[in-house]
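Trainee: I'll drop the sequence and a predicted model, then ask my questions.
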Protein chains: 4
Amino acid sequence: MQSPPTPASDTRERILDVAEELFADRGFNGASMRDIAGRCGLGQASLYNHFEGKQGLYEAVLDRGVTPLLELMQSLPNRDQPGQVDAMIASIMNHLASRPRLPRLIQHEAMTGGDYLIRIARSWIHPLVEGGVIDLKRDVGRPWQEDELPLVMLAWLYMMFGHFTMAPLMREVLDHDPLSPEGLARQTRFFQKLARLITAGGDGTPASTGDPHEDQ
Amino acid sequence: MQSPPTPASDTRERILDVAEELFADRGFNGASMRDIAGRCGLGQASLYNHFEGKQGLYEAVLDRGVTPLLELMQSLPNRDQPGQVDAMIASIMNHLASRPRLPRLIQHEAMTGGDYLIRIARSWIHPLVEGGVIDLKRDVGRPWQEDELPLVMLAWLYMMFGHFTMAPLMREVLDHDPLSPEGLARQTRFFQKLARLITAGGDGTPASTGDPHEDQ
Amino acid sequence: MQSPPTPASDTRERILDVAEELFADRGFNGASMRDIAGRCGLGQASLYNHFEGKQGLYEAVLDRGVTPLLELMQSLPNRDQPGQVDAMIASIMNHLASRPRLPRLIQHEAMTGGDYLIRIARSWIHPLVEGGVIDLKRDVGRPWQEDELPLVMLAWLYMMFGHFTMAPLMREVLDHDPLSPEGLARQTRFFQKLARLITAGGDGTPASTGDPHEDQ
Amino acid sequence: MQSPPTPASDTRERILDVAEELFADRGFNGASMRDIAGRCGLGQASLYNHFEGKQGLYEAVLDRGVTPLLELMQSLPNRDQPGQVDAMIASIMNHLASRPRLPRLIQHEAMTGGDYLIRIARSWIHPLVEGGVIDLKRDVGRPWQEDELPLVMLAWLYMMFGHFTMAPLMREVLDHDPLSPEGLARQTRFFQKLARLITAGGDGTPASTGDPHEDQ
DNA sequence: GATGAATGAGGATTCATTCAT
DNA sequence: AATGAATGAATCCTCATTCAT
């Protein structure tokens, strides 16, 4: 297709892109190696020059998506300024906006009890949820008791992921696209307002750096 | 409902049970007619005596699960008592607790942009979200403006569904089962407390009938 | 193909026949399920209604061939009459003549160190060779010491098998077919004469029931 | 033979070694170019710098093995001394012992009716068996009539080959390795003793140069 | 209503081979 | 001489479905 025969590991990235899309849209079982290869302009057999097999490709896709997300979430609590929560929310939303299929990938895997997530989630969800990673006690803690904080964190996770995982349905059902720039900005603002309520007597005044695109 | 439980529809129900489990666990493409038949103690061919085919069986499973959920949600706003929100939350949680695979079924379908959900969601999500079905304006409305109410509703939907759809993963990762009676009761109490915060300056006092099992 | 749709497990036997032929001719890896199905007048998928897979079919073919051979060899020493050895040789040769592909099957398996043979050979070769099954001590023993008897037995095994396994080559190279009735009769007579030499001072006089076709 | 062992033909020889092993272990169809290349520490494509293709490599392996065997067998009858048979047996056994996979290669090919062997066997087996190559009439002939001599020769071929082709199985089943130095020496002694019986009323006294390692 | 058997289509993967580098 | 990448064909096997019994 291209005049210069694709500069080496470019193909690998192209495969990952296509696979990410199909795995997110149809799940592991619904995406076929034939379709993935076809959309890459490759023969099926060529995929095996770059990945060990379907499972290997799948895990490579997950790795490429999950690793940056993990790094982002681990880097978050370092921001110890006022407006921390607003910035965190914007940061996460922007990250997911730039990889809008990632939540679907993770959700697929989570629902099937896939081994991959279980393997890495122990080092991800557990600290996140148990309060070790994000020290919300000062900001969030007032209305919540210590043992409720994991539920707060999961609720945030579910809300944010839900916005992305349900987007294909909502796009059809509502009169706007949740993943359009406007939809994302609106949702980010909503989450920031919500955060003020959840973390106690907020009043709805935006704190500081909540611009939905500052972080990408 | 029937006085003598016909063996005929008994088989049908057994198939639906098994299919619901497998479709929820593995999605439409990951569940095979062979596995479904096998777990029913039937030959593959027998499934076709009860359903039109895989798609038909799938939609029957969805129908059986979605219809009562819709009815429940449409019946909710009729409860116009104080403590309405607590009771609504308990009611929904109890319903889902009795059909814990239903959120996974719906989520699978929502993520793949399946036609089925789109078809029925127009009559479900739309009113729910647009404020026609649940008149939250009085209870919920104070901190929220009219056009934010859909986002509030969806946030609730995502949080509640998330608790069930993520359960297979969290069961492995956390140190408790989110779908155990204790896990569900805890989560229900959490949601009720959260509702008080979201719907304005609640103080955490349980309003009235929040028992997680009253409705089942 | 047939007007009456093949009486049940007739198909299974037909598959075994075809598979035996192809496995013997080409080995496990050289025989394809497609070819087997094709020669049966079946689609590939149909084979899996009767056998677990290629390996299962292969082992069924081996079982069907090896079991009667084992039974024959275990029944041999019961013949405790004069002319025992001649009759034994004729008996084995006739058995193999009726299943001329069996030695090739076994030889293929033996050369690849296949698990199947190793599994069953422990109960077959070992006693045969260690003198437990066939008590040749009286007949054969004179020129041979006790610890040489296993080698005698194996030599017989190799000679007899060789006649059948090398037949496809020899048929092309020699001017007669080793597996034709005449070829088999001639070979049987040769083996009987040879036996008299090996078991000591025979003179070549045929002892008794050496007719190559009496046993089949 | 070459003074500086060219790295070029070194690679070629290494490929031949590996291919011989895999072809012998698994047959032509069971050995893959990938495995051969892998065990050589080469990429698949590199094999094609040295051989025309799989078939070419296969025939090169056969050639390298069969040619010396043919030469050995043609050189045998020149030894016209007493004890000729003992020496011949030791010579053949020693040759095969130094290339223990050769009989398996030949047997694979013989059983599948491969063209290669048929092509060369006409000039090999035929004379061998028809008495042209090895003039056994004087030594062997006494108890055997002229037209039985081919069968005698083939019996020897089958016994000797069998010892090597069945070794992978027997190694697992018996309590010793037929191809170990002791196993080979024992088998050679056995064959020599057997020869004395077959060629008429021998008494077991070793004639002359039967040392199993003199020839290698 | 239940099912064994059959099947065309499609599943993932491996095959031997080629070619530009 | 070596190879990474590509590939069409073929591998074994599973899929959902049908149909006669």
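Mentor: Looks like it arrived, so ask away. Residues are numbered from 1 along each chain as shown, chains lettered A, B, ... in the order given.
Trainee: any idea how far apart the tips of stretch A:35-52 sit?
Mentor: One end of stretch A:35-52 sits 17 Å from the other (C-alpha to C-alpha, to the nearest Å).
Trainee: does that stretch reach chain D?
Mentor: No: Stretch A:35-52 is not in contact with chain D by C-beta under 8 Å from any C-beta of the partner chain; minimum separation 11.1 Å. Where you see a C-beta, it was placed from the backbone N, CA and C, and this is true even at glycine.
Trainee: low-confidence stretches in chain A?
Mentor: For chain A, the stretches flagged by pLDDT under 70 are A:1-8, A:77-82, A:127-142, A:200-216.
Trainee: where along it do the helices fall?
Mentor: Assigned by DSSP state H, chain A shows helices spanning A:10-30, A:33-40, A:44-47, A:54-75, A:84-98, A:102-111, A:115-121, A:125-130, A:137-140, A:149-165, A:167-173, A:181-198.
Trainee: kindly reformat these as JSON lines containing mean neighbour count.
Mentor: Formatted as JSON lines, the helices of chain A follow (neighbours: other C-beta atoms under 10 Å in any protein chain shown):
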{"stretch": "helix A:10-30", "mean neighbour count": "19"}
{"stretch": "helix A:33-40", "mean neighbour count": "17"}
{"stretch": "helix A:44-47", "mean neighbour count": "14"}
{"stretch": "helix A:54-75", "mean neighbour count": "17"}
{"stretch": "helix A:84-98", "mean neighbour count": "21"}
{"stretch": "helix A:102-111", "mean neighbour count": "26"}
{"stretch": "helix A:115-121", "mean neighbour count": "17"}
{"stretch": "helix A:125-130", "mean neighbour count": "18"}
{"stretch": "helix A:137-140", "mean neighbour count": "14"}
{"stretch": "helix A:149-165", "mean neighbour count": "22"}
{"stretch": "helix A:167-173", "mean neighbour count": "21"}
{"stretch": "helix A:181-198", "mean neighbour count": "20"}
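Trainee: turn these into a markdown table, columns for distance to C:Q187.
Mentor: Output for the helices of chain A, formatted as a markdown table (distance: least, C-beta to C-beta, whole Å):
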| stretch | distance to C:Q187 |
| --- | --- |
| helix A:10-30 | 58 |
| helix A:33-40 | 54 |
| helix A:44-47 | 49 |
| helix A:54-75 | 54 |
| helix A:84-98 | 79 |
| helix A:102-111 | 65 |
| helix A:115-121 | 59 |
| helix A:125-130 | 74 |
| helix A:137-140 | 92 |
| helix A:149-165 | 75 |
| helix A:167-173 | 74 |
| helix A:181-198 | 86 |
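Trainee: with distance to chain C added, can I get the ones you listed in TSV?
Mentor: Below are the helices of chain A laid out as TSV (distance: least, C-beta to the nearest C-beta, whole Å):
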stretch	distance to chain C
helix A:10-30	20
helix A:33-40	19
helix A:44-47	19
helix A:54-75	20
helix A:84-98	44
helix A:102-111	29
helix A:115-121	25
helix A:125-130	39
helix A:137-140	56
helix A:149-165	37
helix A:167-173	35
helix A:181-198	47
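Trainee: for chain B, which of the ones you listed is the nearest?
Mentor: Nearest to chain B, of all the helices of chain A, is helix A:149-165, at 2.5 Å by C-beta to the nearest C-beta.
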